[in-house]
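Engineer: Take a look and give me a structure for this.
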Amino acid sequence: MGKYFTGKEERYEKIINLLCEYKGVKREELLEILKDQNCKYLFFLLIKRYGCDDMGILKRDFPSVNKNKINNNLKKAEEKLLLNRKIRDMYFEAEDLIEKVE
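Structural biologist: Here you go, the predicted structure:
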């Protein structure tokens, strides 16, 4: 099935699992992802890309998140995507992995 008709929750879980695997942490240690700047930016870019930036979904794992924090982090992430080759490469590789799984 195409990426437009699968659920947000399913794509969100794929993103979380991908980043947890990359960082070598369990789901319970999810906040470790946000301590690494590259993973943090990658997380925000991917949730935006796949339409998983819904507050209801994010609040379950990140209770302190709000719209302003998301928007600020997303702006920084978009700047980093343009300027930082490593983040850009990570983004496209993650996108490929997520697409393959679907």
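Engineer: Residue 96 and residue 89: what is the separation?
Structural biologist: 11 Å (C-beta to C-beta, to the nearest Å). C-beta: built from backbone N, CA, C; applies to glycine.
Engineer: which residue is nearest the centroid of this protein?
Structural biologist: residue 43 (2.3 Å; C-alpha atoms, centre = their mean).
Engineer: Distance of that one relative to residue 22?
Structural biologist: 10 Å.
Engineer: Test my guess that the residue nearest to the centre of the chain contacts residue 20.
Structural biologist: No - if you go by C-beta atoms under 8 Å, residue 43 and residue 20 don't touch, sitting 10.6 Å apart.
Engineer: what residues are shared contacts of those two?
Structural biologist: Counting by C-beta atoms under 8 Å, 6 or more residues apart in numbering, the common neighbours of residue 43 and residue 20 are residue 33.
Engineer: Please, which helix or strand holds residue 43?
Structural biologist: Assigned by DSSP states H and E, residue 43 belongs to helix 37-49.
Engineer: Okay, buried residues for that helix please.
Structural biologist: 38, 39, 40, 41, 42, 43, 44, 45, 46, 47, 49 (16 or more other C-beta atoms under 10 Å).
Engineer: Quick one: list the elements packing against the helix-or-strand element of the chain with minimal mean pLDDT.
Structural biologist: Ranking every helix and strand in the chain by mean pLDDT, DSSP states H and E puts helix 31-35 at the bottom, with a mean of 85. With contacts taken as 3 or more C-beta pairs under 8 Å, 6 or more residues apart in numbering; DSSP states H and E, helix 31-35 sits against helix 8-23, helix 37-49.
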